[in-house]
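Student: predicted coordinates and the sequence they were generated for:
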Amino acid sequence: MTVAVVPGIIVVYSDIWCSFAHLAVHRLHATRARLGLDGRVAFDHHAFPLELLNGHSSPRPGTDSEVSAIGRLDPEAGWKLWQAPDWTYPTTTLPALEAVQAAKEQGLAASEALDLALRKAFWVDSRCISLRSVLLEVAAETGVVDVEQLAEALDDGRARKLVMADFAVSQTDAVQCSPHLFLADGTNAANPGVEVHYTDAYGTGFPIATADNPSIYETLLLQAANALEPA
């Protein structure tokens, strides 16, 4: 199975509570802005729902262990250990993943903005992105997303099937992990530029990054932009 991509688009399969995806999405946005490619290259977010793939919610010790280990690779992405009460820690990201898909009704720019804002809400602001109220608050804060339209989509569940379709793709060999990026020319990059190993099982040990090459984002973005040029 292959992932279909339109020229000028980078398809991103990921989960929101994946630290590697938070790093990747930050670098995509930051590098695109630095290269002056805003409005030229867009990001099409798709769900790699870890809780469905693993059969359980993401263990908090795992995400906590990644804040300093992965956060040090790019502190500008924004990272904090969970600051809110323990009982407010998210138990699912499926509503957030659904919201990102629902926002596509308003265009990829709206979906991109909501995706990035939800990652910051979790990784920086310790907000419970499992809650409908928080999703709508974050959407309003983007200044881009029509909150009433998003609320309607969440309430009738019409984007849920998109998350489940992504889940089906995520179970194939087409998508390896969160994050996994795809370009129209067939290029794909799983966890771009980063190599890591864990000292023990996830949630017990901690990750050690053995390689980090952020320049890969410039290469991927320029390739995506060049795909728009006439042959």
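Tutor: The structure has been received and is ready for your questions.
Student: so what's the residue count around the nearest residue to Val6 once chain neighbours are set aside?
Tutor: Nearest residue to Val6, sequence neighbours excluded (C-beta to C-beta, 6 or more residues apart in numbering): Ala184, at 6.2 Å. Yep, even glycine has a C-beta here, placed from its N, CA and C like the rest. By the criterion of other C-beta atoms under 10 Å, Ala184 has 17 neighbours.
Student: same thing with Ile208?
Tutor: 11.
Student: right, and it touches Thr199 too?
Tutor: Yes: between Ile208 and Thr199 a contact is recorded at 6.6 Å, counting by C-beta atoms under 8 Å.
Student: quick one: low-confidence parts of the chain?
Tutor: 1, 228-231 (pLDDT under 70).
Student: would you map the strands across it?
Tutor: Assigned by DSSP state E, the strands in the chain fall at 9-14, 42-47, 180-182, 188-190, 194-198, 207-212.
Student: tell me which of those lies nearest to Gly55.
Tutor: Nearest of those to Gly55, taken as C-beta to C-beta: strand 42-47 at 16.0 Å.
Student: what lines up beside that closest one in the sheet?
Tutor: Sheet pairing for strand 42-47, assigned by DSSP bridges, gives strand 9-14 (parallel).
Student: hmm, who's touching the partner strand?
Tutor: Strand 9-14 is contacted by residues 3, 5, 21, 24-25, 28, 41-48, 108, 166, 169-170, 175, 178-184, 220-221, 224 when judged by C-beta atoms under 8 Å, 6 or more residues apart in numbering.
Student: now stretch 195-210
Tutor: 20, 59-62, 65-66, 69-70, 73, 194, 211-212.
Student: quick one: closest of the strands of the chain to Phe122.
Tutor: strand 9-14 (12.6 Å).
Student: count the neighbours of Val169 for me.
Tutor: Val169: 15 neighbours (other C-beta under 10 Å).
Student: so it makes contact with Val3?
Tutor: Yes: counting by C-beta under 8 Å, Val3 is a contact partner of Val169 at 7.1 Å.
Student: need the overlap of contacts for the two.
Tutor: With C-beta under 8 Å, 6+ apart as the test, Val169 and Val3 both reach Tyr13, Val175.
Student: just to revisit the earlier point, in JSON lines, list the strands of the chain along with distance to Leu116.
Tutor: Below are the strands of the chain laid out as JSON lines (distance: least, C-beta to C-beta, whole Å):
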{"stretch": "strand 9-14", "distance to Leu116": "11"}
{"stretch": "strand 42-47", "distance to Leu116": "9"}
{"stretch": "strand 180-182", "distance to Leu116": "15"}
{"stretch": "strand 188-190", "distance to Leu116": "19"}
{"stretch": "strand 194-198", "distance to Leu116": "19"}
{"stretch": "strand 207-212", "distance to Leu116": "21"}
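Student: distance of Val100 from His26?
Tutor: 16 Å (C-beta to C-beta, to the nearest Å).
Student: with neighbour numbers in mind, choose between the two.
Tutor: Taking other C-beta under 10 Å, Val100 and His26 do not tie; Val100 has more neighbours (29 against 20).
Student: which residues touch the nearest residue to Ile129 once chain neighbours are set aside?
Tutor: Ranked by C-beta to C-beta, 6+ apart and with sequence neighbours excluded, the top spatial neighbour of Ile129 is Ala96, at 4.5 Å. Ala96 is in contact with Ile16, Pro90, Leu118, Ile129, Ser130, Leu135, counting by C-beta under 8 Å, 6+ apart.
Student: going by distance to Arg158, which of these wins?
Tutor: Closest to Arg158, out of all of the contacts of Ala96 and judged by C-beta to C-beta, is Leu135, at 15.2 Å.
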